[in-house]
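1. Dropping a prediction and its sequence here:
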Amino acid sequence: MQNTNTANRSKTAPELPPPAHGAPGAVPPRIPLSDFALRVAVAVLIGILLLSLTYLLWRGVHVLLLVFAGVLFAVFLAALSDWVSRHTGLSRVWSLTTVVILLFLLTGGIGWLLANRLAVQIHELAEQLPESLKQLRSSLDRYAWGRLILEQLPNQAASLFDVSQFSKVPGLISGITSFLMTIVVIFFVGIFGAAEPELYKDGLLRLLPPSQRPRGRAAIETVAFNLRWWLVGQVVLMLMIWLTTTAGLWLIGVPLALALGVIAGILELVPYVGAWLSAVPALLIALMLGPYYLLLTAGLYLGLHILEGYVFLPLVQRRAVHMPPALTLVAQVLLGELLGLIGLFVTAPLTVAVVVLLKMLYVEDTLGDQTVEVPGEPGNEQVPVTQGVTESV
């Protein structure tokens, strides 16, 4: 009787469904071997593609920096062309042509006026610096602490005191060729970029989803706005440093003032560090004249550096985004170590672009903080930036 009841219950009991996928006790569905092999092959190909792309970027990072320098030149030419177009009514092409011709005439005129004298002074500077270094080493050898400093110098720094190092110019032809190639790449990238900026801007925006393209366009235009004003301010600052340094050294009586002023103007492209590096050759030349000239030269460079940080820079860079000094210095050390000299010269504009993109795409869009002000952002084009002290003395 019991067996009959059990059989009836078993017949009438409903069948339970199999456990859902992912539930305890569930058996995951088996992936066909062909699908698994296809997934593995796709994953391996993606990994190889990413590694290859990383390797190509690393090997071609100098080319990318040259392209970025060409973009900076294009932004500079576009800023001048827009100014000419607004005041003359010329089209973009004719405005750009006018700007390029005027720049050629200006640089050619300055070169014709100063080239011979500058070349002579640079040659004399190359001859006098080894003698000054030799005199400095002799002065340090007189004291115990001076000999200790010379012993603690790294081999690379100690080799600077070897006069014979200045008589060797290894790879001169390859160095000149590389420099000329750099100038050619920057020039033509700048010309093509300034002639048709919308073509390259639209090409970049094609890489974004359609819904993100308006914000991407705003970010690109804001970066261009800040780079434009940074470049204009930087050119003005370089000219001011060149003229004031040359005039100051000439008044003091330090020889080779024109060459030393040109060095100071060029190194102004390297924020914070460049101002102090430009003082080294001037101090070495002044050392040969005596302690009095050495003190005057040191005071001149210190005064110009203070004037630059508190007066010049806030005036010429007031419309560009503020660059945190610590961030700029860290970026200089990193790019200088990884990429050499060109890394130092592009650190500042790269920092400008990165700071703008971080503020817009991360702080505003991701974090939702709309209180941050970015010069050049739509609706905020004319907002000046209060910078305070932008250079550390």
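-> Nice, thanks for sending it over.
2. alpha carbons only for contacts and neighbour counts from here, please
-> OK.
3. what packs against the helix or strand harbouring H62?
-> Element membership for H62 (DSSP states H and E) is helix 61-88. The contact analysis (3 or more C-alpha pairs under 8 Å, 6 or more residues apart in numbering; DSSP states H and E) places helix 61-88 against helix 92-141, helix 172-195, helix 213-252, helix 341-357.
4. quick one: stretch 299-318 to chain centroid distance?
-> If you compare the mean C-alpha spot of stretch 299-318 with that of the full chain, they lie 21 Å apart, counting by C-alpha atoms, centre = their mean, to the nearest Å.
5. repeat for stretch 323-337
-> Taking the mean of its C-alpha atoms, stretch 323-337 sits 9 Å from the chain's own mean (C-alpha atoms, centre = their mean).
6. any idea of the mean pLDDT for it?
-> Mean pLDDT, stretch 323-337: 77.
7. same thing with stretch 262-270?
-> Mean per-residue pLDDT for stretch 262-270: 85.
8. Check stretch 194-210 too.
-> For stretch 194-210, the per-residue pLDDT values average out at 87.
9. Just the buried residues of it, please?
-> Using 16 or more other C-alpha atoms under 10 Å as the burial criterion, the residues of stretch 194-210 that qualify are A194, A195, P197, L205.
10. Now those in JSON lines, please, with extra columns for distance to S132.
-> Written out in JSON lines, the entries for the buried residues of stretch 194-210 read as follows (distance: C-alpha to C-alpha, whole Å):
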{"residue": "A194", "distance to S132": "46"}
{"residue": "A195", "distance to S132": "49"}
{"residue": "P197", "distance to S132": "50"}
{"residue": "L205", "distance to S132": "55"}
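11. Considering these, which is situated nearest to V333?
-> The shortest distance between V333 and any of these, using C-alpha to C-alpha, involves A194 and amounts to 31.0 Å.
12. so what's that closest one closest to, chain neighbours aside?
-> Nearest-residue entry for A194: A74, 4.7 Å, with adjacent residues in sequence omitted and distances by C-alpha to C-alpha, 6 or more residues apart in numbering.
13. So the one you found is in contact with I191, correct?
-> Yes - using C-alpha atoms under 8 Å, A74 is in contact with I191, at 6.2 Å.
14. The two: who's more crowded?
-> For A74 versus I191, the count of surrounding residues by other C-alpha atoms under 10 Å is larger for A74: 26 against 22.
15. For that one, list the residues it contacts.
-> A74 makes contact with V189, G190, I191, F192, G193, A194 under the criterion C-alpha atoms under 8 Å, 6 or more residues apart in numbering.
16. which one of these sits closest to L49?
-> V189 (27.9 Å).
17. Low-confidence ranges, the protein, go.
-> Low-confidence regions of the chain, defined by pLDDT under 70, span residues 1-35, 115, 140-141, 143-147, 149-179, 315-321, 379-393.
18. quick one: which of the contacts of A74 is nearest V363?
-> The shortest separation between V363 and any of the contacts of A74 is 29.4 Å, and it belongs to G193 (by C-alpha to C-alpha).
19. Once you drop chain neighbours, what's closest to the closest one?
-> Beyond its immediate neighbours in the sequence, the residue positioned closest to G193 (C-alpha to C-alpha, 6+ apart) is A74, lying 5.3 Å away.
20. Check the gap between that neighbour and P314 for me.
-> For A74, the distance to P314 (C-alpha to C-alpha, to the nearest Å) stands at 24 Å.
21. what does I101 give?
-> Between I101 and P314 the computed distance is 31 Å (C-alpha to C-alpha).
22. ok, the two, which is more surrounded?
-> Set I101 next to P314 and count neighbours by other C-alpha under 10 Å: P314 wins out with 21 against 11.
23. Let me know the helix or strand that the more buried one is in.
-> Element membership for P314, per DSSP H and E: helix 313-316.
24. Quick one: distance of the host helix or strand of L294 to the chain centre.
-> Assessed by DSSP H and E, L294 sits inside helix 291-307. Averaged C-alpha coordinates place helix 291-307 at 29 Å from its chain's average position (C-alpha atoms, centre = their mean).
25. what comes up buried for that helix?
-> In terms of neighbour count (16+ other C-alpha under 10 Å), helix 291-307 has its buried residues at Y293, L294, L296, T297, A298, L300, Y301, L302, L304, H305.
26. what angle sits between it and helix 213-252?
-> With axes from the mean of the first three to the mean of the last three C-alpha atoms, to 10 degrees defining the directions, helix 291-307 sits at 150 degrees from helix 213-252.
27. I'd like to know which elements helix 291-307 is packed against.
-> With 3+ C-alpha pairs under 8 Å, 6+ apart as the test, helix 291-307 has helix 213-252, helix 273-289 packed against it.
28. How far off centre is the longest one?
-> Average the C-alpha atoms of helix 213-252, do the same for its chain, and the two points are 13 Å apart (C-alpha atoms, centre = their mean).
29. can you pull the contacts of the residue nearest to V93 when sequence neighbours are not counted?
-> With C-alpha to C-alpha, 6+ apart as the criterion, V93 has its nearest non-adjacent residue at 6.4 Å, and that residue is A195. Taking C-alpha under 8 Å, 6+ apart as the definition of contact, the neighbours of A195 are A78, R92, V93, L96.
30. With that, I have no additional questions.
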